[in-house]
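Participant: whatever this is, show me its structure:
(one chain, ligands or ions: 1)
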Amino acid sequence: MYLAGRVAVITGASRGLGKAMALALAPSGVRLALVARDVERLSSVAAEARELGAEAEIFQADIADEAQVLQLEQQVKSKLGPADILINNAGINIRKLCVDYTLAEWNSVLTVNLTSVFLMCRSFVPHMQGRGYGRVINITSIMAHISLPQRTAYSASKAGLLGFTRSLALELAREGITVVAISPGPFATEMTEAIINDPQKSEQFMSHTPMRRWGDPKDIGKLALFLCSEDASFITGTDILIDGGWCAE
Ligand SMILES: NC(=O)c1ccc[n+]([C@@H]2O[C@H](COP(=O)([O-])OP(=O)(O)OC[C@H]3O[C@@H](n4cnc5c(N)ncnc54)[C@H](OP(=O)(O)O)[C@@H]3O)[C@@H](O)[C@H]2O)c1
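Facilitator: Numbers count the residues shown, from 1 in each chain. Next comes the predicted model:
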């Protein structure tokens, strides 16, 4: 129960990697603020988390919207108290050639994947300051390090998030607040469903992955849990690749 009483805000907690991280943290005694737009799915994740021992509240918010993030901060504070842990996980991808991208599509990828993290950190980092402990975990991607065609906006947003992670870590280094990115490789979630279901694309993905398999979202959960622990208190301003070896090749 080493996170007993800690308040953890997780964006994109309604499914996929966000759900996996919520359920990995749940048995540690954490109090979860589960954030996304789909209330039905959030409720079902909250029920699973409670079965595992966590207190869990759901918060419907579009984290790309400044007013909604400001309101979210107020709601979390009044229901659960100040946040100790912030996991910026919500993200989207629109896979298209650069020359076919509309400005609206570009803006939506950059806003959800990058600007929202600034909005969330601006609201929730002050909760952690002056209390000797805090954790910000930003979910980036191997596409911050390498790339593929049809990933201009996605790669730009995730590489930007890595830079954001480094700078925020420096701002908070003396306060016991760590800021770390996790860069996942291929994980089987709804985001990657279209690739998994297309044998040719799936084979292409696996050819890049030395371990020749898709990652299990539970492994992202275990890594996030470790990063929240005291054992990870000297890890900051960096990112951890969890990619089956993709970036090593
Ligand atoms: N799966 C992979 O292989 C992979 C690899 C590298 C990096 N990643 C990153 O990991 C993170 C999670 O990905 P995933 O695979 O779990 O994707 P997913 O299954 O598509 O889940 C995305 C989550 O983000 C939430 N979300 C999206 N837009 C939102 C918004 N405007 N406001 C609030 N919540 C929003 C969604 O909830 P609602 O729809 O309910 O709002 C959902 O819970 C993303 O940042 C992604 O870029 C994934």
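Participant: and residue 93, its phi and psi?
Facilitator: Main-chain dihedrals, residue 93, degrees, to the nearest 10: phi -140, psi 140.
Participant: I should have written residue 181 there, sorry.
Facilitator: phi -100, psi 150.
Participant: quick check: pLDDT value at residue 2.
Facilitator: Looking at residue 2, its pLDDT stands at 82.
Participant: any idea how far it is from residue 46?
Facilitator: Distance of residue 2 to residue 46, computed by C-beta to C-beta, to the nearest Å: 22 Å. C-beta: built from backbone N, CA, C; applies to glycine.
Participant: okay, the two: which has more neighbours?
Facilitator: Per other C-beta atoms under 10 Å, whichever of residue 2 and residue 46 has more neighbours is residue 46, with 21 against 12.
Participant: how close does that one sit to residue 133?
Facilitator: 24 Å.
Participant: and what of residue 62?
Facilitator: 29 Å.
Participant: phi first, then psi, for the nearest residue to residue 184 once chain neighbours are set aside.
Facilitator: In space, residue 184 comes closest to residue 242 once its chain neighbours are excluded; the distance is 5.4 Å by C-beta to C-beta, 6 or more residues apart in numbering. In terms of degrees, to the nearest 10, the main-chain angles of residue 242 are phi -140, psi 90.
Participant: same check on residue 131?
Facilitator: Residue 131 adopts backbone torsions of phi -120, psi 0, taken as degrees, to the nearest 10.
Participant: and it, how many neighbours?
Facilitator: Neighbour count of residue 131, defined by other C-beta under 10 Å: 12.
Participant: ok, the residue sitting nearest the centre point of the chain - contacts?
Facilitator: The centroid of the chain falls nearest to residue 89 when counting by C-alpha atoms, centre = their mean (1.9 Å). Residue 89 makes contact with 10, 11, 12, 13, 17, 18, 21, 137, 139, according to C-beta atoms under 8 Å, 6 or more residues apart in numbering.
Participant: tell me how far residue 44 lies from the ligand.
Facilitator: 11 Å (C-beta to the nearest ligand atom, to the nearest Å).
Participant: residues near that residue, how many?
Facilitator: The tally of other residues near residue 44 (other C-beta under 10 Å) stands at 15.
Participant: contacts only, for it.
Facilitator: Residue 44 neighbours (C-beta under 8 Å, 6+ apart): none.
Participant: now do the one 4 residues further on
Facilitator: Listed by C-beta under 8 Å, 6+ apart, the contact partners of residue 48 are 23, 26.
Participant: cutoff 10 Å now
Facilitator: Residue 48 is in contact with 19, 22, 23, 26, 54, 56, counting by C-beta atoms under 10 Å, 6 or more residues apart in numbering.
Participant: do residue 230 as well
Facilitator: 2, 133.
Participant: ok, the helix or strand residue 124 falls within near the ligand or not?
Facilitator: In this structure, residue 124 is located in helix 116-128 according to DSSP states H and E. No: Helix 116-128 lies apart from the ligand when judged by C-beta under 6 Å from any ligand atom; the minimum separation is 6.7 Å.
Participant: in the chain, what spans have low per-residue confidence?
Facilitator: 1 (pLDDT under 70).
Participant: spell out which parts of it neighbour the ligand.
Facilitator: When proximity is defined as C-beta under 6 Å from any ligand atom, the chain approaches the ligand at 11-12, 14-18, 36-38, 41, 62-64, 89-92, 112, 139, 141, 184, 186-187, 189-192.
Participant: quick one: which of those sit in helices?
Facilitator: Per DSSP state H, helices hold the following members of these: 16, 17, 18, 41.
Participant: my read: residue 50 touches residue 58, true?
Facilitator: No: the criterion here is C-beta atoms under 10 Å, and residue 50 misses it with residue 58 at 11.1 Å.
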